[in-house]
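In: Turn this into a structure:
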Amino acid sequence: MQLASHFGERGFKWNRELNEYRLPFDGGHQVISIQRQEGPIEHSLNITFGVRNEIVESTLQPFLPHYSPSNSITAALQMQSFLNDTELFQFKKANTQKSIHFIMRFFEEDGYQMMRDLKDIHHVENLYNQHATIPTSICTDSTARCFRGIVLARMTNNPKWNDIHKTFLNHLENSPQSSDVFHHYMRLIEYLNGFGFN
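Out: Model prediction:
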């Protein structure tokens, strides 16, 4: 209840079906997803936070439906991985307050600002594509990263679009993907080459 009240005071609405809090903004919404697993002695929490950009996800959906459903997140961080501290998210049932207070403090000090930053499409594009050959923490699935990254590059008119495309194309050609994924990527490139976002 403390977390629900904390997020609710900041405008986030609870979506029971998806187990997540959402705060809309022009062009998408911020997301805080809390997955809870209960054991006989301990609870564990898996917390993801980030931003969904509707234009990016709706552009991807016809080409990569399994990776871009209606509830997909364009830029997401796993709180545990980001902080590299899992101990705070596995706790005794009788002692939950430490983790709850830590989560609230994290969002006050860092998390809310991170999500505000991720509303900026140019910032997200930079995180995806500045180092296109290096994994990024905001999209851990390498296939989805290729598709989202190239859409973001086109949306922001990145002058290195061709280089980014070649990087992602090489990755998909050399990864154990089905031929369908490669085919969908090439269809997406054809679509982007004939479509302007501005």
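In: can you pull out the helices in this protein?
Out: Using DSSP state H, the helices of the chain run over 2-9, 54-60, 79-83, 97-106, 112-118, 121-129, 142-155, 161-173, 179-193.
In: In this structure Gln2 contacts Met104, no?
Out: Yes - under the criterion of Cβ atoms under 8 Å, Gln2 makes contact with Met104 at 7.3 Å. In this view, the C-beta of every residue, glycine as well, is placed from N, C-alpha and C.
In: Give me the more crowded residue out of those two.
Out: Met104 (16 against 12; other Cβ atoms under 10 Å).
In: Pull up the gap between the more buried one and Gln97, please.
Out: Distance, Met104 to Gln97, by Cβ to Cβ, to the nearest Å: 11 Å.
In: rewinding a little: so of the helices of the chain, which one's packed in deepest?
Out: Most buried of the helices of the chain, by mean neighbour count (mean count of other Cβ atoms under 10 Å): helix 142-155, with a mean of 23.
In: For the nearest residue to Ser137 once chain neighbours are set aside, list the residues it contacts.
Out: Once flanking residues are discounted, Ser137 sits nearest to Leu77: 6.1 Å by Cβ to Cβ, 6 or more residues apart in numbering. Contacts of Leu77 were listed using Cβ atoms under 8 Å, 6 or more residues apart in numbering, and they are Thr48, Phe49, Gly50, Met114, Ser137, Ile138.
In: List the contacts of the third one.
Out: Read it as Gly50. Gln30, Val31, Ile73, Thr74, Ala75, Ala76, Leu77, Met115, Leu118, Ile138.
In: partner residues bridging it?
Out: Beta-bridge partners recorded for Gly50 (DSSP bridges): Val31, Ala76.
In: Tell me how far it lies from Ala75.
Out: The spacing between Gly50 and Ala75, counted by Cβ to Cβ, is 5 Å.
In: now swap in the second one and tell me
Out: Phe49 sits 10 Å away from Ala75, taking Cβ to Cβ as the criterion.
In: do the same with the first one
Out: In this view, Thr48 and Ala75 are 11 Å apart by Cβ to Cβ.
In: Please say which of those two ends up with more neighbours.
Out: Using other Cβ under 10 Å as the criterion, Thr48 and Ala75 rank with Ala75 on top: 29 against 18.
In: That one against Ile138, yeah?
Out: Yes - applying Cβ under 8 Å, one finds Ala75 in contact with Ile138, separated by 4.2 Å.
In: shared neighbours of the two, which are they?
Out: Common neighbours of Ala75 and Ile138 (Cβ under 8 Å, 6+ apart) are Gly50, Leu118, Val124, Leu127.
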